[in-house]
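Participant: sequence below, structure please.
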Amino acid sequence: MPKVVVGMSGGVDSAVTAYLLKMSGYDVIGVTLRIWESIDGAGSRCCEIDDARKVALTLGIPYYAINCVRDFRENVTKPFVCDYVKGITPNPCIECNRYVKWDRMLDTANVYGADFIATGHYASVVKLPNGRYTVQEASARNKDQTYMVYKLTQEQLSRTLMPLGNLTKDEVRNIAKAAKLPVAEKPDSQEICFVTEGHYADYIEENYEGDVPGEGNFVSEDGTILGRHKGITHYTVGQRKGLGIAMGHPVFVKCIDPEKNEVVLSEEAGIMKDEIMTRDNNFMSIDGISPGEEVEATVKIRYHHPGEKAVLTCADNGIIKINFEKPVRAATPGQSAVFYDEERRVIGGGRIL
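Facilitator: All right, here's what the predicted structure looks like:
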């Protein structure tokens with residue numbers, strides 16, 4: 001039987017992933033990556049080892065918990081904190097998937113002689129006629145997680161299984177109930193896994209190795225001072241609520257200037273963009289875009305963005321320029337733009353400049 005290492009978070013999705021693979025004849029090993037530990041020693045919502053162990057016991061599969069705290073700190077939480085201090089809004093889940101979860105799970109698979117790793121992401125791994133691997137958008141588009149895994153390498157994809165790509169959340173829960181899995185009714189986690197209490201700005205204040213920028217000015221697009229903000233780490237591009245300033249009409253964060261410690265506010269028209277650029281690009285279905293070449297795509301600029309038609313071009317320095325058919329709202333530096341083909345398969349993606 002082919003052997004597979006399943007990443008088990010303690011939630012229902014990864015539990016059903018392990019169950020389905022076992023029922024399909026795989027030799028399944030359950031693994032939880034302990035990726036975060038708070039100051040008081042408590043694990044985060046992503047490291048619920050007790051629940052994962054109970055599922056493994058129910059399924060009768062071997063189970064191991066692996067310490068990845070150092071990897072997570074170096075690749076996820078430290079860059080997260082530094083980006084916010086620079087006025088950038090990061091996406092820690094994407095970095096964790098690429099540089100922690102997949103790397104460590106494949107290392108574990110090699111140790112135990114496993115052919116594959118598997119996760120409970122709502123997506124499907126596809127091998128294309130050109131020999132390359134990509135991820136296909138989930139059938140349940142409201143649960144699709146291809147945006148979160150666009151940075152995976154060809155080697156990582158070639159050894160990855162994602163059994164939930166054609167299932168809805170209700171179907172997953174029904175499978176869990178029928179299999180009597182102990183997490184069948186467990187609610188989904190909604191927060192950043194390592195910010196277990198309070199606001200992410202409080203986490204940055206506690207963990208940044210230096211002085212976090214303090215109060216500064218809200219300014220208009222022409223530089224007029226409008227009021228005081230409580231620190232740039234409290235804001236992100238496109239934000240309207242929680243600004244703490246009354247203008248008599250809706251205003252939004254247009255951009256953040258860390259050098260001047262200013263937050264620029266505008267009306268909604270000011271946060272609409274018909275062109276953006278990305279760096280640190282990773283390609284899946286193709287091996288890249290040549291300078292001068294144009295590629296048509298649908299581009300998502302955030303996880304829940306439905307996507308907008310665009311044309312991609314590449315500069316000599318590897319920067320991808322994205323020209324949208326219709327302007328997009330609040331393209332945020334630090335977040336990712338992910339490119340899809342007409343079959344809703346990932347072409348690639350990069351970090352928004």
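Participant: so where's this structure uncertain?
Facilitator: Within the chain, the set of residues satisfying pLDDT under 70 comprises 36-47, 190-191.
Participant: could you measure the residue of the chain most remote from its centre against residue 344, distance?
Facilitator: For the chain, the residue at maximal distance from the C-alpha centroid (CA atoms, centre = their mean) is residue 224, at 36.0 Å. Between residue 224 and residue 344 the distance is 44 Å, computed by CB to CB, to the nearest Å. Every C-beta, even on glycine, is put in place using the N, C-alpha and C of the backbone.
Participant: strands of the stretch 1-150 of the chain, start to end?
Facilitator: For the stretch 1-150 of the chain, the strands defined by DSSP state E, counting those that start in this stretch occupy 3-7, 27-34, 63-67, 116-118, 123-127, 133-137.
Participant: please apply the same query to the stretch 251-353 of the chain.
Facilitator: Counting by DSSP E, counting those that start in this stretch, one finds strands in the stretch 251-353 of the chain at the ranges 252-257, 262-266, 272-283, 294-300, 308-314, 320-329, 336-340, 346-352.
Participant: any chance of those in a markdown table, plus mean neighbour count and distance to residue 220?
Facilitator: Formatted as a markdown table, these follow (neighbours: other CB atoms under 10 Å; distance: least, CB to CB, whole Å):
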| stretch | mean neighbour count | distance to residue 220 |
| --- | --- | --- |
| strand 252-257 | 20 | 9 |
| strand 262-266 | 22 | 6 |
| strand 272-283 | 17 | 17 |
| strand 294-300 | 19 | 29 |
| strand 308-314 | 18 | 28 |
| strand 320-329 | 17 | 19 |
| strand 336-340 | 27 | 27 |
| strand 346-352 | 24 | 23 |
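Participant: I'd like these laid out as JSON lines, including distance to residue 23.
Facilitator: JSON lines is the format used below for those (distance: least, CB to CB, whole Å):
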{"stretch": "strand 252-257", "distance to residue 23": "49"}
{"stretch": "strand 262-266", "distance to residue 23": "53"}
{"stretch": "strand 272-283", "distance to residue 23": "33"}
{"stretch": "strand 294-300", "distance to residue 23": "33"}
{"stretch": "strand 308-314", "distance to residue 23": "40"}
{"stretch": "strand 320-329", "distance to residue 23": "42"}
{"stretch": "strand 336-340", "distance to residue 23": "31"}
{"stretch": "strand 346-352", "distance to residue 23": "28"}
